[in-house]
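Engineer: no letters, just coordinates:
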DNA sequence: CAAGGAAACAATTTCGAAAACTGCGCCCCT
DNA sequence: AGGGGCGCAGTTTTCGAAATTGTTTCCTTG
């Protein structure tokens, strides 16, 4: 099967449109503030307007697009202010989740963190082209790693909020033009965090994680490209 | 104009359906787990299925309804487990927001808290029937009071999450059959919290707020009516 | 009699067109 | 020259019907 729309079992046009729109917004291919006319979207994604409206409504609920009654949708604007608010909030929420996770996590959780880090580091050494597997993109592995750290916090609600913030900051990262930033010291940071977490050193792990986010944020901010 | 659909300027059928559905779900008039067939909803709210689907999609993004591809929507189930997760998460997030609010809040914020409490207490003394004003229902005032406490945290994202959790727990409160619980000691608790907040005593305020939520949660849990 | 499969039914999802709304330019009037 | 209203083009929103999917029932078969 060549064309892979593989997510899980069921698919509707609305979900497909949702996924592709989300990808294009997070991936930076749809610039912040862009007006999203239905005619344009219909041509681009080859689905009717009903599924598109469904997708847009769902995206507006997670803050990826803005809705104005009777005036349609546009990609959520991006600003330096919003980015720092995003990072600040993310630090708060993930501190809570991480402390709780370290406090409550069992052996299975530790192993999950270990495996997630392993996959990420393997993908980091090998380039995207060499690395052929079922695991998904680097971003998928990155997301999986970060969420695995928090996964033992025993609140799927909090976990969902953190995932939402992850997606939002990922968009800012993709908007700034730092393509090969990936291999800088990120892997070192991820390893250090992993070690602190597995040592159950909550204070150290939290400080490392917050610094990880703040540094990334500052690089994005410094790269210009934001108002 | 007799019939007041007054929110603000613009209205679409989709927004109206969204509001009414949200009201009915939070108000407990649509029981958890209820299958939401479009035909039924069309008759009940007198709008076509396109606006209804829009409303349902938006509601699913904030966790009020569940969506299963190709199988439609149902009101999100309610369980004792989810309620305690909700309360736990809410305590974490509001602790963060409240501490930050107390740390950063200015005079305008203090006055906002004061006014919100005043309106709530006035509505508490007078019954709904006596009290005629532009302020909205008791629940509106209650929500406004709680959010005013957090409003200086300088993160509209966090504030939005807290509002979402408020709505979810409100649904559980309405599901349990404690009608006249309102006047028990709630006003006392609200006053005590207000005083601690205006004294800038973060530790005390947080402890009072968390206890406020936990006690309410336990009363709801004790009232039975949940699996 | 149980199991498998096809057909009818019920519900959701999607499409295409009509209706409603917004924004803008134009004209008229003062 | 300036201000206000009218109408037109473009877009969104909504509706009603068609297509798709899931479910049940009944018939056939081993």
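Structural biologist: In hand now; what should we look at? The structure presented is a predicted model; accordingly, all values stated were derived computationally and were not measured. Numbering: from 1, shown residues only, chains lettered A, B, ... in the order given.
Engineer: for the residue of chain A found nearest DNA strand D, give the beta-bridge partners.
Structural biologist: As assessed by Cβ to the nearest atom of the strand, DNA strand D sits closest to residue A:72 within chain A, at 3.0 Å. In this view, the C-beta of every residue, glycine as well, is placed from N, C-alpha and C. In this structure, residue A:72 has the following beta-bridge partners (DSSP bridges): residue A:68.
Engineer: these two touch, right, it and residue A:40?
Structural biologist: No. Residue A:72 lies out of contact with residue A:40 (Cβ atoms under 8 Å); the separation is 10.7 Å.
Engineer: chain A: strands as residue ranges?
Structural biologist: Counting by DSSP state E, chain A has strands at residues A:35-36, A:65-68, A:72-75.
Engineer: from what I see, residue A:52 and residue A:42 are in contact.
Structural biologist: Yes. Using Cβ under 8 Å, residue A:52 is in contact with residue A:42, at 6.7 Å.
Engineer: state the pLDDT value of the residue of chain A most remote from its centre.
Structural biologist: Among the C-alpha atoms of chain A, the one farthest from their average position, using Cα atoms, centre = their mean, is that of residue A:70, at 30.3 Å. On pLDDT, residue A:70 comes in at 95.
Engineer: could I get the contacting residues of it?
Structural biologist: Contacts here follow Cβ atoms under 8 Å, 6 or more residues apart in numbering or on different chains; on that basis residue A:70 touches B:10, B:12.
Engineer: center of chain A, which residue is that?
Structural biologist: The residue lying closest to the centre of chain A (Cα atoms, centre = their mean) is residue A:167, at 3.0 Å.
Engineer: okay, now the residue nearest to that one when sequence neighbours are not counted: neighbour count?
Structural biologist: The shortest distance from residue A:167 to any non-neighbouring residue, by Cβ to Cβ, 6 or more residues apart in numbering or on different chains, is to residue A:26 (6.0 Å). Other residues near residue A:26 come to 20 when the count uses other Cβ atoms under 10 Å in any protein chain shown.
Engineer: now the longest helix anywhere in chain A: buried residues?
Structural biologist: When every helix of chain A is counted residue by residue (DSSP state H), the longest turns out to be helix A:80-104. If you call a residue buried by 16 or more other Cβ atoms under 10 Å in any protein chain shown, then helix A:80-104 has these buried ones: A:82-83, A:85-102.
Engineer: now it: average pLDDT?
Structural biologist: For helix A:80-104, the mean per-residue pLDDT is 98.
Engineer: quick check: angle from it to helix B:80-104?
Structural biologist: 130 degrees (axes from the mean of the first three to the mean of the last three Cα atoms, to 10 degrees).
Engineer: helix A:80-104 near chain B anywhere?
Structural biologist: Yes. Remark: helix A:80-104 sits within contact range of chain B at A:85, A:86, A:88, A:89, A:92, A:93, A:96, A:100, by Cβ under 8 Å from any Cβ of the partner chain.
Engineer: pLDDT at residue A:124, what is it?
Structural biologist: The pLDDT attached to residue A:124 in the predicted structure is 74.
Engineer: swap that for residue A:129, please
Structural biologist: What the model reports as pLDDT for residue A:129 is 62.
Engineer: what's the answer for residue A:4, then?
Structural biologist: We note a pLDDT of 30 for residue A:4 in this prediction.
Engineer: residues touching the closest residue in space to residue A:84 that isn't next to it in sequence, list them.
Structural biologist: Leaving aside its sequence neighbours, residue A:84 sits nearest to residue A:217 (Cβ to Cβ, 6+ apart; 6.9 Å). Taking Cβ under 8 Å, 6+ apart, we find residue A:217 in contact with A:83, A:84, A:87, A:169, A:172.
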